[in-house]
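J.: model this:
(2 chains)
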Amino acid sequence: MKTIAIVSLLLLSVLATGAQAVQFFDFTGQAVLPAAVGQDAVAYGIILNGDAPEAPLPLNTPGAQYTLVVTGLTLTGSGASDVYSGGFVAIYEDASTAADYANPSTFRDGAMILGGVLTSLTHTMLLGTLGSANGYVDWNSGARLNDLAPADQTGWPFLVAVYRNADLVEPGYTEMWDGKVEPSGDVVANEDRSWSQVKALFR
Amino acid sequence: MKQGLKGSVIALSVLAIGVFAVRGAAAAVVDYVGYAYETGGLVPSDPGDQLAVACTVSQIDPLFQVDLGTQEATLFIEGLVSQGATVNQTTGTATTLYTGGTIAVYASFDHNHDWGVSPPNPTAPSTFIDGDLVFMGDFTSFTLVMQASGSGVFQGTIDATGGTALAGPCSDCSYTIAGTFNDLTGANIPAGYDLQVDGILDVDSAVDNENISWGDLKSQFSAGN
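T.: Predicted coordinates:
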């Protein structure tokens, strides 16, 4: 009974500490938006996490470049806010080819470390050339999906600042995206231990 | 003469297009992410409340001469005084104008930024205002628009007042700041902060002005030039 009480206190302490940490994939990119309902949006971005902010998964930077690609994001409703659904988000790791907005294929080479469904996205222009888009991602594929516990794989907020300033939009694109995708809580790294080692922790 | 003038106008137009073409999507930016808090809470934003934003920089233009491979850059905004939120009763969107306020960017070899909880606290803002002052400015305008959903945008203009960046090519630049935010809904926000923030400081003119007379200007389009 005494042991249970101690374990409970330890768990509460860990959770309290974890809630203070901050982890997300920070990216900047360019998007092409559709002209009509039923058509798809695409976006290409470069993940900027260096030493800060901390990424939800350890990244091999600067050895590799990490890119984020959104495809198949279908415009389902248009108005003061545009509503999208059905998009697929992928994060790639590539150590050979630098991403180039003039050549979107450079964002999709390398290994896909995470892939998932952008379950919804609402896009609103609020101040002239400035807007906001947000939705949620459920990760379901990728070489490093299993680095995330099942409970950590879904419901990641996806938040983007939208800029349509001429000096920020690359040729051929509709707008610049500056955003982040993050777990709703901390992702804690796995640590392999034998049963005996686990039991030893409670002696 | 008329033909010559027409030629000059055409030449100037071509030059202008050329400049714009080069400048397209080549803005100098500081990209930052962080968290904001307002005295008295942001919802609602009452007159006199003060907004502060503590951020870490994830991308910075070379003109600021900060190497993120070895240094940590941080950005801190403080002293923005709310004039009170105006709510659109139809959409629920709240628009708040702020007066005053300063922004500063620092660079340090100590990678120590820590938002902590319930700001201000022992690490925030102290770990966001340490190191060398790279850029400092006064806000000349700042507007925050929050949708009923809790997400929104902010935008402001800045007069640069100090920092090492002003000794370089940005002594005559103009600066705007903008970004988006989300409130507590589903986001990983440290306790005591009101918003998560993702935005850019955009250097609107990364090239110095050059003052020349009309005669000098015309001579650049004379025969032989």
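J.: show me the contacts for the residue of chain A found nearest chain B.
T.: Nearest residue of chain A to chain B: residue A:161, at 3.6 Å (CB to the nearest CB). Where you see a C-beta, it was placed from the backbone N, CA and C, and this is true even at glycine. Residue A:161 sits next to A:130-132, A:177-179, B:153, B:178-180, B:198-200 when contact means CB atoms under 8 Å, 6 or more residues apart in numbering or on different chains.
J.: what helix or strand is it on?
T.: For residue A:161, the enclosing helix or strand under DSSP states H and E is strand A:156-163.
J.: Strand partners (parallel or antiparallel) of whatever helix or strand comes next after that strand?
T.: The first helix or strand that comes after strand A:156-163 along the chain, using DSSP H and E, is strand A:175-181. Strand pairing for strand A:175-181, using DSSP bridges, gives strand A:25-32 (antiparallel), strand A:156-163 (antiparallel).
J.: What are the buried residues along the first one?
T.: It refers to strand A:25-32. Residues A:25, A:26, A:27, A:28, A:29, A:30, A:31 are the ones in strand A:25-32 that count as buried (16 or more other CB atoms under 10 Å in any protein chain shown).
J.: tell me, which of the strands paired with strand A:175-181 is the model least confident about?
T.: Comparing mean pLDDT across those, the lowest value falls on strand A:156-163: a mean of 92.
J.: Could you report the separation of the closest residue to chain A within chain B from residue B:54?
T.: Across chain B, the shortest distance to chain A (CB to the nearest CB) belongs to residue B:180, at 3.6 Å. Distance of residue B:180 to residue B:54, computed by CB to CB, to the nearest Å: 17 Å.
J.: re the thing from before, and the residue of chain B closest to chain A, how many residues sit next to it?
T.: Residue B:180 has 30 neighbouring residues, counting by other CB atoms under 10 Å in any protein chain shown.
J.: Kindly list the main-chain dihedrals of it?
T.: The phi and psi values for residue B:180, taken as degrees, to the nearest 10, are phi -130, psi 170.
J.: That one is in contact with residue A:160, isn't it?
T.: Yes: Residue B:180 lies in contact with residue A:160 (CB atoms under 8 Å); the separation is 6.7 Å.
J.: Compute the inter-axis angle for whichever strand in chain A runs longest and strand A:175-181.
T.: Ranked by residue count, the top strand of chain A under DSSP state E comes out as strand A:111-127. In terms of direction (axes from the mean of the first three to the mean of the last three CA atoms, to 10 degrees), strand A:111-127 departs from strand A:175-181 by 120 degrees.
J.: chain center to strand A:111-127, what's the gap?
T.: 8 Å (CA atoms, centre = their mean, to the nearest Å).
J.: Give the pairing partners of it; include direction for each.
T.: Partners of strand A:111-127 in its sheet, by DSSP bridges: strand A:81-85 (antiparallel), strand A:87-94 (antiparallel), strand A:130-141 (antiparallel).
J.: Can you classify residue A:109 by secondary structure?
T.: coil (DSSP: H, G, I helix; E, B strand; the rest coil).
J.: That one: neighbouring residues, count only.
T.: For residue A:109, using other CB under 10 Å, the count is 14.
J.: Surely it touches residue A:94?
T.: Yes: judged on CB under 8 Å, residue A:109 makes contact with residue A:94 at a distance of 5.3 Å.
J.: where does residue B:127 land in three-state SS?
T.: From three-state DSSP, the assignment for residue B:127 is helix.
J.: pLDDT score assigned to it?
T.: For residue B:127, pLDDT reads 97.
J.: got a list of what it touches?
T.: Contacts of residue B:127 (CB under 8 Å, 6+ apart): B:74, B:112, B:113, B:114.
J.: repeat for residue B:152
T.: A:126, A:132, B:93, B:144, B:145, B:146, B:180, B:181.
J.: Distance of it relative to residue A:154?
T.: As judged by CB to CB, residue B:152 and residue A:154 stand 25 Å apart.
J.: Can you tell me the element residue A:67 falls in?
T.: Assigned by DSSP H and E, residue A:67 falls in strand A:65-77.
J.: buried sites along that strand?
T.: A:65, A:66, A:67, A:68, A:69, A:70, A:71, A:73, A:74, A:75.
J.: ok, the residue nearest to the spatial centre of chain A to residue B:171 distance?
T.: Residue closest to the average C-alpha location in chain A (CA atoms, centre = their mean): residue A:181, at 3.2 Å. Separation of residue A:181 from residue B:171 (CB to CB): 37 Å.
J.: next one: residue A:110
T.: Taking CB to CB, one finds residue A:110 at 41 Å from residue B:171.
J.: repeat for residue A:25
T.: 35 Å.
J.: Okay, now the unreliable bits of chain A?
T.: A:1-22, A:50-52, A:188-193 (pLDDT under 70).
J.: Which of the three states applies to residue A:151?
T.: Under the three-state scheme (three-state DSSP), residue A:151 adopts helix.
J.: typo on my end, residue A:197
T.: helix.
J.: give me the number of residues near it?
T.: Counted with other CB under 10 Å, residue A:197 comes out at 10.
J.: who touches it in this structure?
T.: Counting by CB under 8 Å, 6+ apart, residue A:197 touches no other residue.
J.: That one and residue A:203: what is the separation?
T.: Distance, residue A:197 to residue A:203, using CB to CB: 11 Å.
J.: Relative to the whole chain's centre, how far out is stretch B:159-176?
T.: Relative to its chain's centre, stretch B:159-176 lies at 12 Å (CA atoms, centre = their mean).
J.: Please report the separation between the first and final residues of it.
T.: 9 Å (CA to CA, to the nearest Å).
J.: And for stretch A:149-167?
T.: End-to-end distance of stretch A:149-167 (CA to CA): 41 Å.
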